[in-house]
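1. only geometry, no sequence info:
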């Protein structure tokens with residue numbers, strides 16, 4: 001039953017952020033319209049509905065107040081999840097302890113030591129595409145390039161990548177039930193089955209690393225302690241699950257949206273190709289304008305939030321791409337300004353749960369921009385290409401590009 005509680009001055013909308021298939025930029029367009037309507041709206045979608053914050057100021061406030069907006073539930077239509085993604089679904093101080101353990105592996109210094117391998121993999125992929133004159137950017141590059149770095153970090157075999165990508169799609173992308181579902185399965189069913197596959201795989205890998213440790217993150221995690229106690233097997237599996245999801249999707253989708261923009265805006269593509277100094281600015285602008293994450297939060301107590309009656313147990317959607325396109329903070333925020341500066345966006349989130357892999361993501365994005373445009377500076381969207389996106393975590397399934405060989 002839809003929650004019909006009075007929302008006062010907060011309008012009710014019929015909105016589903018997890019739409020399985022729609023036109024590219026359709027969701028940010030919806031958020032742009034809701035932001036113009038009110039700073040807080042209530043969606044009547046699903047059994048209980050959920051709140052949606054639309055303004056930068058409010059979304060930032062929620063990110064920075066984990067006491068009121070808990071991460072114990074992060075999918076707005078599932079306020080009582082039967083899974084735990086560590087450390088993302090932990091609140092301080094538990095979350096803080098995990099961040100302290102993970103921080104050194106994603107520090108700017110550690111990331112800098114990885115650049116040679118990152119660039120080598122990027123060059124290998126781009127050079128392999130050069131003479132083809134066409135590619136599906138998502139499957140031929142965006143999925144292959146950053147995922148390889150993740151596999152190396154965890155010591156996972158590259159030959160299993162195709163299987164990993166199937167599991168990632170099952171977990172992360174609405175509509176997966178149409179590709180991977182069994183008769184009668186919902187997306188939730190497919191997601192849970194995908195998570196089970198991942199955790200089963202890591203169960204075997206952890207057992208192997210206990211007897212034959214290597215120089216990788218899993219082997220290091222086996223030595224970790226929190227509050228003087230070794231990290232449990234269950235915690236290790238939950239941690240591996242989260243890292244799997246983050247490592248196989250986020251940079252892939254940011255690359256896909258960025259290159260879609262460049263393929264359809266030749267003036268920006270020409271600048272990126274001809275002016276290396278604009279690349280870091282362009283990356284920040286794409287992270288701002290096309291932010292992909294839309295996490296949920298669980299309200300921990302009854303409160304009035306900017307005039308709206310939030311109740312304990314309510315779910316709240318924090319669409320980062322609505323915050324980062326708010327013209328109250330970013331002039332002409334709904335437009336892409338390739339050399340925008342300053343650009344204090346929160347594309348990686350904010351507060352204690354700000355993305356741990358931000359330094360690595362920026363490095364991967366910069367190398368990709370530099371090496372692709374060094375080899376293939378002129379490209380365009382293929383004639384008749386129909387580029388669609390899916391919701392919940394924004395993503396593009398296919399991006400056909402062509403260029404003159």
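-> The structure has been received and is ready for your questions. Given the structure is predicted, the values throughout are model-derived calculations rather than measurements.
2. so residue 227 makes contact with residue 97?
-> Yes - counting by C-beta atoms under 8 Å, residue 97 is a contact partner of residue 227 at 7.2 Å. To be clear about C-beta, it is placed using only N, CA and C from the backbone, and glycine gets the same treatment.
3. who has more neighbours, those two?
-> Higher neighbour count among residue 227 and residue 97: residue 97, with 16 against 7, using other C-beta atoms under 10 Å.
4. Surely the more buried one is in contact with residue 229?
-> No - when contacts are counted by C-beta under 8 Å, residue 97 is not listed as touching residue 229 (10.8 Å).
5. what about residue 91, which SS state?
-> Put simply, residue 91 is coil when judged by DSSP: H, G, I helix; E, B strand; the rest coil.
6. So what's the residue count around it?
-> Under the neighbour criterion other C-beta under 10 Å, residue 91 is assigned a count of 18.
7. For it, give its distance to residue 24.
-> Per C-beta to C-beta, to the nearest Å, residue 91 is found 35 Å from residue 24.
8. So which residue is dead centre in the protein?
-> residue 250 (3.9 Å; C-alpha atoms, centre = their mean).
9. What residues does it make contact with?
-> Contact partners of residue 250, counting by C-beta atoms under 8 Å, 6 or more residues apart in numbering, are 292-293, 355, 357, 361, 393.
10. so how far is residue 402 from residue 22?
-> 24 Å.
11. let me redo that: residue 266
-> Distance, residue 266 to residue 402, by C-beta to C-beta: 13 Å.
12. Show me which of the two is the more surrounded one.
-> Neighbour comparison, residue 266 and residue 402: the larger count goes to residue 402, with 16 against 12 (by other C-beta under 10 Å).
13. correct me, but that one touches residue 376?
-> No - counting by C-beta under 8 Å, residue 402 stays clear of residue 376, with 10.4 Å between them.
14. what bits of the stretch 51-200 of the chain have low per-residue confidence?
-> 174 (pLDDT under 70).
15. now the strands: where do they sit in it?
-> 69-70, 134-136 (DSSP state E, counting those that start in this stretch).
16. so which of those strands is the most packed in?
-> Stretch with highest mean neighbour count among the strands of the stretch 51-200 of the chain: strand 69-70 (a mean of 20; mean count of other C-beta atoms under 10 Å).
17. tell me what that one is packed against?
-> For strand 69-70, the packing partners by 3 or more C-beta pairs under 8 Å, 6 or more residues apart in numbering; DSSP states H and E come out as strand 296-299.
18. Pretty sure residue 165 sits against residue 245.
-> No - at 11.8 Å, residue 165 and residue 245 do not qualify as touching, with contact defined as C-beta under 8 Å.
19. quick one on the thing from earlier: so which of the strands of the stretch 51-200 of the chain gets nearest residue 351?
-> Among the strands of the stretch 51-200 of the chain, the nearest to residue 351 by C-beta to C-beta is strand 69-70 (9.1 Å).
20. so what strands line up beside that closest one?
-> strand 296-299 (antiparallel) (DSSP bridges).
21. quick revisit: who has more neighbours, residue 165 and residue 245?
-> residue 245 (20 against 17).
22. ok, now which ones touch that one?
-> Residue 245 sits in contact with 85, 168, 171-172, where contact means C-beta under 8 Å, 6+ apart.
23. Check residue 60 too.
-> Applying C-beta under 8 Å, 6+ apart, we find residue 60 in contact with 323, 346, 350.
24. For the last one, grab the count of nearby residues.
-> The one in question is residue 350. The tally of other residues near residue 350 (other C-beta under 10 Å) stands at 19.
25. ok, it touching residue 63?
-> Yes - at 4.2 Å, residue 350 and residue 63 qualify as touching, with contact defined as C-beta under 8 Å.
26. Same list (the strands of the stretch 51-200 of the chain) but as TSV, adding distance to residue 18.
-> Below are the strands of the stretch 51-200 of the chain laid out as TSV (distance: least, C-beta to C-beta, whole Å):
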stretch	distance to residue 18
strand 69-70	19
strand 134-136	24
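27. Out of those, which is closest to residue 112?
-> strand 134-136 (29.5 Å).
28. In CSV: the contacts of residue 250, plus neighbour count.
-> Below are the contacts of residue 250 laid out as CSV (neighbours: other C-beta atoms under 10 Å):
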residue, neighbour count
292, 24
293, 20
355, 18
357, 22
361, 23
393, 19
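29. In a markdown table, list those along with pLDDT.
-> Formatted as a markdown table, the contacts of residue 250 follow (pLDDT from 0 to 100):
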| residue | pLDDT |
| --- | --- |
| 292 | 93 |
| 293 | 92 |
| 355 | 94 |
| 357 | 92 |
| 361 | 95 |
| 393 | 76 |
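30. how far does whichever helix in the chain runs longest sit from the chain's center?
-> As assigned by DSSP state H, the longest helix anywhere in the chain is helix 187-211. Taking C-alpha atoms, centre = their mean, to the nearest Å, one finds the center of helix 187-211 at 20 Å from the center of the full chain.
31. Show me which positions of that helix end up buried.
-> For helix 187-211, burial by neighbour count (16 or more other C-beta atoms under 10 Å) applies to 187, 190-195, 197-199, 201-202, 205-206, 209.
32. Which other helices and strands does it contact?
-> Using 3+ C-beta pairs under 8 Å, 6+ apart: helix 187-211 touches helix 161-172, helix 176-180, helix 217-221, helix 233-247.
33. Take those and write them to TSV, including distance to residue 136.
-> Formatted as TSV, those follow (distance: least, C-beta to C-beta, whole Å):
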stretch	distance to residue 136
helix 161-172	13
helix 176-180	16
helix 217-221	30
helix 233-247	21
